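Asks: here is the input, now give the coordinates:
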Amino acid sequence: MKHRDLAIIGAGPAGMAAAAQAAALGLSVSVLDEQPRAGGQIYRDVDRVAPRRGAILGQDYTHGITLTAGMHHDTIEHLAKATVWAIEDEFRISYTQDGCAAQLDVDRLLLATGALERPMPLLGWTLPGVMTAGAGQILLKQSGVVARGAVLVGSGPLLYLIAAQMVRTGTPPIAMVETQATANMARAIRHIGGALRGWRYMAKGLKMLGDIKRAQVPRYTGATEITIEGETKAEAVCFSHKGQPRRIPCDVVYLHHGVVPNTQAARSLGVSHRWHAGQSCFVPTLSVWGQSDVAGIFIAGDGAGIGGAKAAEHTGRLAALKVAQELGRLPASERDRMAAPLRASLSRELAVRPFLDAAYPPCAEALHPADPTTICRCEEVTAGDIRGYAKLGCVGPNQTKALGRAGMGPCQGRYCGLTVTALLAEANGQTPDDTGYYRIRPPLKPVTLGELAAMAPTQQDAVE
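Replies: Just a heads-up that it's a prediction; the model follows:
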């Protein structure tokens, strides 16, 4: 069995930056990622796509080329198309690649698993033709495909980004139905100092809004009572705007109201998490180096709390410095010297987050959906079902598995977990911290018996 100094799960901005930093300090590094090429979701397939569609996707996307270049180092092993399905004590990582299971032993582990788009359960969200804005962006990045007749629903910077990118392709959305209200912006004003420190983000946002306005894309802010209409596919978005009912016929609906940390792997290892009220999600408990309360486990990037791609780079490098120091490759004084400019840059990147979090909160109706709304798509559990379980005495997500299999499908609660927590917390008069989250156990992702049978034998097995 192969042994490495550091394993990094995820080849997005945090994982790539950490790998390059660690390799430069003499560590042997293995980077495991499910995609065929490095880049993560934000820089997906950037080496191939940037020359073709870089002008459409923008400089923030093409910046990823500088990170993928850092992966070409003699001591970095990039295990592409590798699905990690278990992490055992003392950091034995089990994964599947090319139809075969394999294992890897490491001294330190960095989770750079990134973020998931927050699910937006509304009536009709499971109809064909409805997808997340991120999924629409993946189609654009990888295949150059842009949906015609699309309505964008939700809130947040990513909604503006994909709308602006659609405008650049010559296929703008037919409308934007936005859930943030004037009151949200008023509350965000108290964070204006941070917004001014992050003026580059604000400038980018204003430019995107300008592109959308020039394309004459209708925007309906403060929308409520949103439903997606259709029998066998999405046919229209219905909502209330300024007290008036509206209906916009469409073929495609892009949903988005923020992203949340992907915490599955961290939870499977027993890392402590706490509720982040500003971002309405759970985040791991970490030191300033990204070190968790489980010895040897570090977390960087959006999996540690939503901060964006540039912030993810800095947290990845900081974690790598700490790992190198722990493994005796870097004196503490040199670690601190190298960390100082990274911390300054990270502070600037994160300064705008409180403003954005307050100005573009998650859609309240999707956080507390109507009873008929499907919550767990894998097992077809509704919001009403979850509220019914609470009346039977259910106080936490793990009990919902026994009562109705919520969270037991292929996604293992990745997309329904936060909604289930929110519904139970509301029904029982508890906080999200008191209510908790699903208990995550391996396998983290589905693995077949055939893949296990094809696993290369360990040295001990070979001797026996």
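Asks: low-confidence stretches in this protein?
Replies: Low-confidence segments of the chain, defined by pLDDT under 70: 456-464.
Asks: ok, longest strand in it?
Replies: Looking across the chain with DSSP state E, the single longest strand is strand 100-111.
Asks: packing partners of it?
Replies: On a contact count with 3 or more CB pairs under 8 Å, 6 or more residues apart in numbering; DSSP states H and E, strand 100-111 meets strand 2-9, strand 29-32, strand 92-97, strand 297-299, helix 309-326, helix 449-453. All C-beta spots, glycine's among them, are computed from the backbone N, C-alpha and C.
Asks: CSV for the ones you listed, including mean neighbour count?
Replies: Listed next are the helices and strands packed on strand 100-111 as CSV, based on neighbours: other CB atoms under 10 Å:
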stretch, mean neighbour count
strand 2-9, 22
strand 29-32, 25
strand 92-97, 20
strand 297-299, 27
helix 309-326, 26
helix 449-453, 12
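Asks: that older thread, residues of the longest strand of the chain that come out buried?
Replies: Residues 101, 102, 104, 106, 107, 108, 109, 110, 111 are the ones in strand 100-111 that count as buried (16 or more other CB atoms under 10 Å).
Asks: sheet-wise, list the partners of that strand with their directions.
Replies: Strand 100-111 sits in its sheet next to strand 2-9 (parallel), strand 92-97 (antiparallel), strand 297-299 (parallel), going by DSSP bridges.
Asks: contacts for the very next helix or strand once past that strand?
Replies: Using DSSP states H and E, the helix or strand that follows strand 100-111 towards the C-terminus is strand 115-117. Contacts to strand 115-117, defined as CB atoms under 8 Å, 6 or more residues apart in numbering, come from residues 41, 132-134, 256, 258-262, 302-303, 306, 414-415.
Asks: same check, this time on stretch 414-434
Replies: By CB under 8 Å, 6+ apart, the list of residues contacting stretch 414-434 reads 116, 118-119, 121, 260, 262, 264, 274-275, 280-282, 367-369, 375-378, 381, 383, 386-387, 389-391, 394-397, 400, 406-407, 413, 435-438.
Asks: weed out the non-buried ones from those.
Replies: Looks like the contacts of stretch 414-434 have 116, 118-119, 121, 260, 262, 264, 275, 280-282, 367-369, 375-378, 381, 383, 386-387, 389-390, 394-397, 400, 406-407, 413, 435-438 buried, using 16+ other CB under 10 Å.
Asks: could you list which of the residues you listed belong to strands?
Replies: 116, 260, 275, 281, 282, 375, 376, 381.
Asks: surely the third one is in contact with residue 282?
Replies: To tie it back to what came earlier, the one meant is residue 275. Yes: Residue 275 lies in contact with residue 282 (CB atoms under 8 Å); the separation is 5.9 Å.
Asks: of the strands paired with strand 100-111, which approaches residue 156 most closely?
Replies: Within the strands paired with strand 100-111, the stretch nearest residue 156 is strand 297-299; the backing value is 22.8 Å (CB to CB).
Asks: ok, residue 258 - contacts?
Replies: 117, 118, 155, 156, 279, 280, 306, 360, 361, 362.
Asks: mind doing that once more with 6 Å?
Replies: 118, 156, 362 (CB atoms under 6 Å, 6 or more residues apart in numbering).
Asks: between the residues you listed, which is nearest residue 86?
Replies: Nearest to residue 86 among the contacts of residue 258, with distances taken as CB to CB, is residue 118, at 26.5 Å.
Asks: from residue 34, how far off is that closest one?
Replies: Residue 118 sits 20 Å away from residue 34, going by CB to CB, to the nearest Å.
Asks: wait, residue 141 touches residue 44, no?
Replies: Yes: under the criterion of CB atoms under 6 Å, residue 141 makes contact with residue 44 at 5.0 Å.
Asks: compare these two (neighbour count), which wins?
Replies: Neighbour tally, residue 141 and residue 44, criterion other CB atoms under 10 Å: the higher count belongs to residue 141, 25 against 22.
Asks: show me the beta-bridge partners of the nearest residue to residue 221 once chain neighbours are set aside.
Replies: Ranked by CB to CB, 6 or more residues apart in numbering and with sequence neighbours excluded, the top spatial neighbour of residue 221 is residue 178, at 4.6 Å. Note on residue 178: beta-bridge partners by DSSP bridges are residue 154.
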